[in-house]
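> the following block contains a protein sequence and its predicted model.
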Amino acid sequence: MTKQRIIFLSPYDPRDIRKWSGTIHSLYQALVSGAAAASFRADYISGGVLDSCARLVNRGCRLWRKIDCRFSTAYAVVAGLVLTIRFALSGDATIIAVATSNYLPYLITRKKIIYVSDATFSAISDLYPSFRAYPDWLKRQGERNERLSLRKARFVIYPSQWASDSAKMHYGVSAEKIVQLPFGPNIQSDLIERTFTPKPPIDNDAVNIMFVSTDWARKNGDLVVDVCEQLRNRGLNVRLVIIGETPAHIAQLPFVDARGWFDKAEGSKLEQLCLTYAEATLLLLPTKAEAFGVVYSEAQAFGVPSISCDVGGVGSAIIDGQTGSLLPIDAKADAFAAEVEKYVRDPALYDRVSRACRERYLTQANWAAWARVVFSLAAISEEGENSLDVSSSLANMPTQARGRSKDSFGTFERSRAKPGITPTL
């Protein structure tokens, strides 16, 4: 039997785990690993040269104003021209386009496109200060690129209800085109299983709070330190384990264990990260802005409940009351301290939530489950527009919870909320 072909399109080389927090690498590897069983063949095209040239332009522009020319119409036109030629020579295939709303607008192709992103341009521009700082002309062009890209896609995949709702409301994307699937951990499944151990009964004499940060201010690092100090004042033996950036004066605190950044491209460092998750009691990451947060999926894989702010797509990464807790964006340190203490003082609650974390990883928030749905969507795309019965074709897919459901994980589900919205880079 002839295998169907998919072409993975992304801004970066999908073999590089350092790009896009490792998510593009994980997406591609999931498709490569599952392709044979699904009767598919997977190849890739990346925008590496274009992206590198754009970064050089961006550096020059900083002398004038901070912009990112990759969101401009000019970049999209050039990318569309290059990709039109490359795809014309590539034969029959379904395109899996990841974070490429600036590559698709002017692409001319008859190939079916499945678009994957963690947010829309509109949603991310409202959430992240760096996007809000772009000049109005660039934001208008970014919005147009997003809209045109979403129109071209046969299906659009987001990991969160927040992104799905934005696609419908801001860009008019039909709910029938949107599929909501959580991202998995950016750690190989065999390494997770090798280092995972079920959580022992929680002990207030040894509470390991884990904090992972590439941006201390945005991830609310100072608030986390305040929370730990309050908990210690309440008699809990709290140790704060920090992965990533740590200000020097924070690293010197007696209860802080600053371990630096673990490069996932290095096997020994990645294993150290896994062991850190394995020994963690809770992940405390009250971020001020987050499109999804793969770190929460990683914590779940090790049975670690997460506590965060209900902002952006975090409400779909953490199922409030089941795999952790979500607090308002303006919650203070005492509210977070009370939430941590709630778990510490109730071993039965902690055990239930820890087990639910692990269950969600095994059944939903993993890349194998994600790839199976993508292959099913690609098969639907190959059937031809006139013969599609999308609802019945998707009926047997694994499906995802809608983020804020408190009574069950639910299923990986086609988005059915308010009409109209689109994706972003």
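Looks like it came in fine.

> tell me which helix or strand comes right after the helix or strand hosting residue 230.
Assigned by DSSP states H and E, residue 230 belongs to helix 221-233. Remark: after helix 221-233, the chain's next helix or strand is strand 238-244, criterion DSSP H and E.

> and that next one, how far out from the chain's middle?
22 Å (CA atoms, centre = their mean, to the nearest Å).

> what inclination does it have with respect to helix 221-233?
If you take axes from the mean of the first three to the mean of the last three CA atoms, to 10 degrees, strand 238-244 sits at 160 degrees to helix 221-233.

> give me the buried positions along the helix holding residue 230.
221, 223-232 (16 or more other CB atoms under 10 Å). For the C-beta atoms, the positions are set from N, CA and C on the backbone; glycine is no exception.

> give the closest residue to residue 366 in space, chain neighbours not counted.
residue 184 (4.3 Å; CB to CB, 6 or more residues apart in numbering).

> which residues touch the helix holding residue 230?
Contact with helix 221-233 is made by 207, 209, 211, 213, 216, 238, 240, 242, 245-247, 250, 253, 255-256, 284-286, 333-334, 336-337, 340-341, as judged by CB atoms under 8 Å, 6 or more residues apart in numbering.

> hang on, the earlier thing: which secondary structure element contains the residue nearest to residue 366?
Here residue 184 is assigned to no helix or strand, by DSSP H and E.

> wait, doesn't it sit right on residue 296?
No. Look at residue 184 against residue 296 with CB atoms under 8 Å: they stay out of range, at 10.9 Å.

> higher neighbour count, these two?
It is residue 296, of residue 184 and residue 296, that has more neighbours when counted by other CB atoms under 10 Å, with 31 against 27.

> got the contact list for that one?
Residue 296 neighbours (CB under 8 Å, 6+ apart): 283, 285, 306, 308, 314, 317-318, 323-324.

> leaving aside the residues adjacent along the chain, what's closest to it?
Here the nearest residue to residue 296 in space, its sequence neighbours aside, is residue 317; by CB to CB, 6+ apart that works out to 4.0 Å.

> could I get the contacting residues of the one you found?
Going by CB under 8 Å, 6+ apart, the list of residues near residue 317 reads 159-160, 182-183, 290, 292-294, 296-297, 306.

> for it, give its distance to residue 287.
Residue 317 is 10 Å from residue 287, where distance means CB to CB, to the nearest Å.

> what's the overlap in contacts for those two?
Residues touching both residue 317 and residue 287 (CB under 8 Å, 6+ apart) are residue 293.
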